[in-house]
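coordinates only, no sequence provided:
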């Protein structure tokens with residue numbers, strides 16, 4: 001079971017590190033480059049307490065590498081001198097929003113060493129609830145069109161038969 005998840009994570013992250021990606025590190029992707037949006041606008045009901053807990057956890061565990069504003073490292077799409085990818089932005093200007101929650105959790109828990117990154121594994125350091133709190137804090141940072149595209153992808157990942 002873990003191996004298929006790892007394979008999916010590697011394929012998704014590898015595909016996202018393409019410099020020709022439709023999302024740049026400078027600004028969020030224009031709405032035109034986001035998968036087509038449904039006519040119904042998504043109402044974002046983020047739990048304020050969860051977001052606040054996520055902020056504290058982000059500051060303690062993630063900010064050192066991903067930045068105070070979740071902006072990621074400069075040149076995050078290019079390998080560093082050690083051949084590793086620097087921390088990507090988490091604020092919607094990177095590829096995080098392309099991934100379903102289960103892949104984001106897997107990445108946080110297992111790190112990115114196996115797929116060419118520097119991120120350590122947080123399994124055993126963060127609980128599942130703490131990881132979910134951090135992810136909720138990160139998702140609040142995504143502009144509405146990206147969040148809506150992520151939500152559609154999330155729903156498809158939970159129900160792959162639905163279109």
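Everything's here; your move. Not measured: the values here are computed from a predicted model.

pLDDT weak spots in the chain?
The model of the chain has pLDDT under 70 over residues 1-41, 162-163.

excluding covalently adjacent residues, which one is nearest to the residue nearest the centre of it?
Among the residues of the chain, the one closest to the centroid is residue 96, at 2.5 Å (CA atoms, centre = their mean). Excluding the flanking residues, the one nearest residue 96 by CB to CB, 6 or more residues apart in numbering is residue 90, at 5.0 Å. In short, each C-beta sits where N, CA and C put it, glycine included.

so how far is residue 55 from that neighbour?
In this view, residue 90 and residue 55 are 12 Å apart by CB to CB, to the nearest Å.

which one of the two is surrounded by more residues?
residue 90 (26 against 17; other CB atoms under 10 Å).

so residue 104 makes contact with residue 132?
No: at 9.7 Å, residue 104 does not count as touching residue 132 under the criterion of CB atoms under 8 Å.

the two: which is more packed in?
Using other CB under 10 Å as the criterion, residue 104 and residue 132 rank with residue 104 on top: 23 against 19.

what's around the closest residue to residue 42 other than its chain neighbours, how many residues?
Excluding the flanking residues, the one nearest residue 42 by CB to CB, 6+ apart is residue 148, at 4.7 Å. By other CB under 10 Å, 21 other residues sit near residue 148.
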